[in-house]
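>>> Here you go, sequence then predicted model.
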Amino acid sequence: MGSTGAAVIIIGAVLLFCSLHVDAKVRFNDVDNCGKCKHKCPRAPPHSERTCKRGMCGTKCKSGWKDCDRKKANGCEVDMKTDVKNCGSCGNVCPTVRTPDGNAVATCTNGVCGSALICPTGLADCDGDLSNGCEIDLVGFAATAINCGSCGNICPLSTNKTAFSYCNSGVCTFLCNFFDGFLGVEDCDGDMSNFCEVNTRNDVNNCGGCGNICVAPPGGGQISCIEGTCTSR
């Protein structure tokens, strides 16, 4: 017997085995042997998967997707988890809530309708209350040290009262020489964490201003800084 005859016998044996040993339940439910051996169901449309029921090929939507327009070509075209026009089910349109700013938009999150605000630049909805809109000024004249540049961004406070913290165009900054009893203090190292760390009234390395070093006279003597003025004796 030649090689061709042997191949025919082998193929025939495989098909016979499939017919005899693949039971009806498998043939009626297997997408690769649907109704009969080697009968593969065709490729499924977008966001769907193949099925085989009672020997007939079909499709079903993947989890979270739905065929709302009944068009087979585009498959299960709707993401019910995020589509505001089909949120959770076909045709369930999420309503838009009116706010003082008039800029609320409908949202669909995990198939549940909600609302969110699109705030103008520099404003924010920090309290999550739609009824008062974008109530916080983050960068403008009304910006505060407790929501500076973003919701909840609190500018650090000077514990020793050498500086006054405030929000300047959305950036935390501070003023020296603000509080009575702390006049003459300055920020000489540019480090906000220690605020106004130098007293220019008595610091010989920063006397009267940052970097102004008191130098001893040629004849020698003790130098000091008194009320911001270098002296020697």
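Good, I have the coordinates.
>>> Lowest-scoring secondary structure element of this protein by mean pLDDT?
helix 3-21 (a mean of 47; mean pLDDT, DSSP states H and E).
>>> what's the domain layout of this protein?
Listed by automatic domain parsing, the domain ranges of the chain are 24-75, 80-131, 138-195, 200-233.
>>> export the ones you listed to CSV and tack on mean neighbour count and mean pLDDT?
Every residue, glycine included, has its C-beta placed from N, CA and C. Supplementary listing: the domains of the chain in CSV, determined by neighbours: other Cβ atoms under 10 Å; pLDDT from 0 to 100:
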stretch, mean neighbour count, mean pLDDT
domain 24-75, 14, 91
domain 80-131, 15, 89
domain 138-195, 15, 86
domain 200-233, 14, 91
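>>> Show me the helices in this protein, by range?
Here the chain has its helices, by DSSP state H, at 3-21, 24-27.
>>> Just the strands from this protein, written as ranges.
Remark: strands assigned in the chain by DSSP state E are 48-53, 56-61, 65-66, 78-79, 104-109, 112-117, 123-124, 136-137, 163-168, 171-176, 185-186, 198-199, 223-226, 229-232.
>>> would CSV of these with distance to N86 be doable?
What follows is the strands of the chain, written out as CSV (distance: least, Cβ to Cβ, whole Å):
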stretch, distance to N86
strand 48-53, 16
strand 56-61, 12
strand 65-66, 7
strand 78-79, 5
strand 104-109, 8
strand 112-117, 11
strand 123-124, 30
strand 136-137, 34
strand 163-168, 43
strand 171-176, 43
strand 185-186, 63
strand 198-199, 64
strand 223-226, 75
strand 229-232, 78
